[in-house]
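1. here you go, sequence then predicted model.
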Amino acid sequence: MDMKLKLPYETEVSCSKCNLLKKCMPTGLNHNELTRIDSLVSQRIRVKRGNDLFRFNNGSQALYIIRTGYFKTVISTNDGRDQVLGFHMSGDSIGLAGELSDLYSCRVTALEDSTVCIVPFSNVEQIANSINGLHSHIRHLYSIEINRENSVMLFLGSMNSEERVATFLLKLSSTQEEHGFSPHNLNLKMSRYDIASYLGLKHETVSRTLAKFIKSKLINLNLRELKIINRVALTSLSIDKHH
């Protein structure tokens, strides 16, 4: 079975009627502009868990917008090491920060069965001048992606393991809230190994730190279902030595 299937348009909601439109495209579009927006997406695909959405070594030629699901970005350095660079959920865009591929081999892998809209940059150029604010919105998406990918450097600085894990959980909580989900109940789509790679820690250290947070009644954790119990204490732990 093909693990990356093109979805027929008739089975999918058009861009102009999608509930993610405000995240993907500029606000305040008129009827004619909304009609043109529908021509941006070249295809919609389904990516099975564990399969790559794409790999690139020479930059991306398209903007990938996650309709449903969850992904991770992994870079491979010249010495063969893999580093998880970031996690992406419904509404996020991927593919703008292609300059990373000048230094690393990069892949984007599904952490659960997902659907993605593909917007070739050539399509954007064709209609950008006729849609108010499209160019500036693409630049805004670019800045979000760059900040998201560069944020991993925060964890590789002076923070100890507890501070890194606490900051990661709070960052994930804020991201979920921005996407309209609960900031208290987190579904960890990524594995402990992925979290450890992202934070620059050993897998055992992440597991030990989470166990300590549970014992201190900062969180509850059942498999991948994590509940933040004491956000104030978790926040204090994450920022005390950095502000």
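-> Noted; the coordinates are in hand.

2. every contact and neighbour count from this point should use C-alpha atoms.
-> Noted.

3. which residues of this protein score low on pLDDT?
-> 1-13, 56-60, 96-104, 132, 142, 144-156, 239-243 (pLDDT under 70).

4. quick one: residues contacting the residue nearest the centre of it.
-> What sits nearest the mean C-alpha location of the chain, by CA atoms, centre = their mean, is His88, with 1.5 Å. Contacts for His88 (CA atoms under 8 Å, 6 or more residues apart in numbering) come out as Ile66, Tyr70, Phe71, Lys72, Thr73.

5. contacts for the host helix or strand of Glu204, please.
-> In this assignment (DSSP states H and E), Glu204 forms part of helix 203-215. Residues from elsewhere that reach helix 203-215 (CA under 8 Å, 6+ apart): Ser161, Glu162, Val165, Arg192, Tyr193, Ile195, Ala196, Ser197, Ile219, Asn220, Leu221.

6. state the distance from the residue nearest to the centre of the chain to Gly180.
-> According to CA to CA, to the nearest Å, His88 and Gly180 sit 14 Å apart.

7. cool, and Leu63?
-> Leu63 is 22 Å from Gly180, by CA to CA.

8. which of the two has more residues huddled nearby?
-> Set side by side, Leu63 and Gly180 show more neighbours around Leu63, with 21 against 9, by other CA atoms under 10 Å.

9. show me the contacts for Val41.
-> Per CA under 8 Å, 6+ apart, neighbours of Val41: Cys15, Cys117, Ile118, Val119, Pro120, Asn123.

10. related to what we said a few turns ago, tell me the bridge partners for the residue nearest to the centre of the chain.
-> Phe71 (DSSP bridges).

11. the closest residue in space to Lys72 that isn't next to it in sequence - how many residues pack around it?
-> In this structure, Lys72 finds its nearest non-sequential neighbour in Phe87, 4.4 Å apart by CA to CA, 6 or more residues apart in numbering. Residues lying near Phe87 (other CA under 10 Å) number 23.

12. Leu21 versus Phe87, what's the distance?
-> 21 Å.

13. next one: Ser39
-> Going from Ser39 to Leu21 by CA to CA gives 14 Å.

14. same question, Phe168
-> In terms of CA to CA, Phe168 sits 28 Å off from Leu21.

15. also Ser182?
-> In terms of CA to CA, Ser182 sits 21 Å off from Leu21.

16. and Lys212, how far is that from Arg164?
-> Counting by CA to CA, the gap from Lys212 to Arg164 is 14 Å.

17. element containing the residue of the chain most remote from its centre?
-> The C-alpha centroid of the chain is most remote from Asn32, which lies 30.6 Å away (CA atoms, centre = their mean). Counting by DSSP H and E, the element that carries Asn32 is helix 31-37.

18. what of Lys22?
-> Here Lys22 sits within helix 21-24, counting by DSSP H and E.

19. ok, and what's touching that helix?
-> With CA under 8 Å, 6+ apart, helix 21-24 has contacts from Cys15, Ile65, Gly91, Asp92, Ser93.

20. kindly report the same for stretch 227-243.
-> By CA under 8 Å, 6+ apart, stretch 227-243 touches 162-164, 166-167, 170, 184-186, 217-221.
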